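K.L.:
Quick one: sequence plus predicted model below, questions after.
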Amino acid sequence: MYRHGTLLAIASGKGGVGKTWLAITLAHALAAQGASVLLVDADFGLANVDIQLGLMPERDLSHVLAGTIPLAAAVTRHDAGFDIIPGRSGAAGLPQGCLTDLLPSLKSLASHYDLVLLDLGSGLDPTLRHLAAVADALLVVITEDPTSLTDGYAVLKLHGQDCARPIPTHIVVNQASSPASGARVFATLAQACRRYLATTPDLLGIVRRDDRVRDAIRRQTPLLRRHPAAAAARDVEAIAQIIHA
């Protein structure tokens, strides 16, 4: 679906939609399907990829932004088969110069991977919007919650204003009570986008609500390892197959 070295930004308008869990599980599923993947925790306010995976990295994005190490030196290998650059918490509202210095290194590092997933923070912070605008594609995570739908629409609206060029935009409906319910949620969002934004994102997939997701997070273990037969695991694997095709 995408060329080698693609930067895929993963965003959401609000917290609590399972965005980071989805980014982790998608990275794992892509790696299991033979893709080389780098997951970058770009949530500068509440970075938690390392927490969900039970990692204690010695180097993270804070060292890169401080100029003490190059970006490549912050890469940590997870035994599930994908690489991670852990994030830096408590740094919302980074100066623009930090991103200006970071982006060329990120683009260069991306050339060594099939896909780089940028797990952005939730919300509409200008720093997050800038990262989404320079990516090659955008994936917005929503749920059946009406506020998630509204906030997801806001992400898409501002993204259209921020981008100098149109880029592929995808939706994943997470924590869906059923595939049919998830499809209805997407249809509502798509209708609003067609009417008010004159564009329509594509539905990349629907991930069913699954109690085993919570168990895997509590155990700090990837879902595909702890519960490989879970409904949510199969749904994310299907999304990975589309991306990796």
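P.N.:
On my side now, so go ahead. None of these values were measured; they are calculated from a predicted model.

K.L.:
Strands of this structure, residue ranges please.
P.N.:
Assigned by DSSP state E, the chain shows strands spanning 6-11, 37-42, 76-77, 83-85, 115-120, 137-142, 169-176, 202-208.

K.L.:
Using JSON lines, lay out those together with mean pLDDT, distance to Leu156 and mean neighbour count.
P.N.:
In short, each C-beta sits where N, CA and C put it, glycine included. Formatted as JSON lines, the strands of the chain follow (pLDDT from 0 to 100; distance: least, Cβ to Cβ, whole Å; neighbours: other Cβ atoms under 10 Å):
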{"stretch": "strand 6-11", "mean pLDDT": "97", "distance to Leu156": "9", "mean neighbour count": "24"}
{"stretch": "strand 37-42", "mean pLDDT": "96", "distance to Leu156": "19", "mean neighbour count": "27"}
{"stretch": "strand 76-77", "mean pLDDT": "96", "distance to Leu156": "32", "mean neighbour count": "14"}
{"stretch": "strand 83-85", "mean pLDDT": "97", "distance to Leu156": "26", "mean neighbour count": "24"}
{"stretch": "strand 115-120", "mean pLDDT": "96", "distance to Leu156": "14", "mean neighbour count": "27"}
{"stretch": "strand 137-142", "mean pLDDT": "98", "distance to Leu156": "6", "mean neighbour count": "26"}
{"stretch": "strand 169-176", "mean pLDDT": "98", "distance to Leu156": "7", "mean neighbour count": "24"}
{"stretch": "strand 202-208", "mean pLDDT": "98", "distance to Leu156": "12", "mean neighbour count": "21"}
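
K.L.:
Which strands and helices lie in contact with the worst-scoring helix or strand of the chain on mean pLDDT?
P.N.:
Ranked by mean pLDDT, DSSP states H and E, the helix or strand of the chain with the weakest confidence is helix 96-110, at a mean of 83. Applying 3 or more Cβ pairs under 8 Å, 6 or more residues apart in numbering; DSSP states H and E, one finds that helix 96-110 makes contact with strand 6-11, strand 37-42, helix 61-65, strand 115-120, helix 126-134.

K.L.:
Run a quick neighbour tally on Ala133.
P.N.:
Using other Cβ atoms under 10 Å, Ala133 has 18 neighbouring residues.

K.L.:
In contact with it, which residues?
P.N.:
159, 162-164 (Cβ atoms under 8 Å, 6 or more residues apart in numbering).

K.L.:
10 Å instead?
P.N.:
Counting by Cβ atoms under 10 Å, 6 or more residues apart in numbering, Ala133 makes contact with 9, 158-165, 167.

K.L.:
before we move on, the earlier item: out of the helices and strands packed on helix 96-110, nearest to Ala190?
P.N.:
Closest of these to Ala190 is strand 6-11, at 17.2 Å (criterion: Cβ to Cβ).

K.L.:
Restricting to C-alpha, output that closest one in CSV.
P.N.:
Below are the C-alpha coordinates for strand 6-11, written out as CSV (Å, rounded to 0.1, in the frame of the first residue of the first chain):
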residue,chain,number,x,y,z
THR,A,6,6.6,5.9,4.7
LEU,A,7,5.8,8.0,7.7
LEU,A,8,2.3,7.2,9.0
ALA,A,9,1.0,9.5,11.7
ILE,A,10,-1.5,8.0,14.1
ALA,A,11,-3.7,10.7,15.8
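
K.L.:
I'm done for today, thanks for sticking with me.
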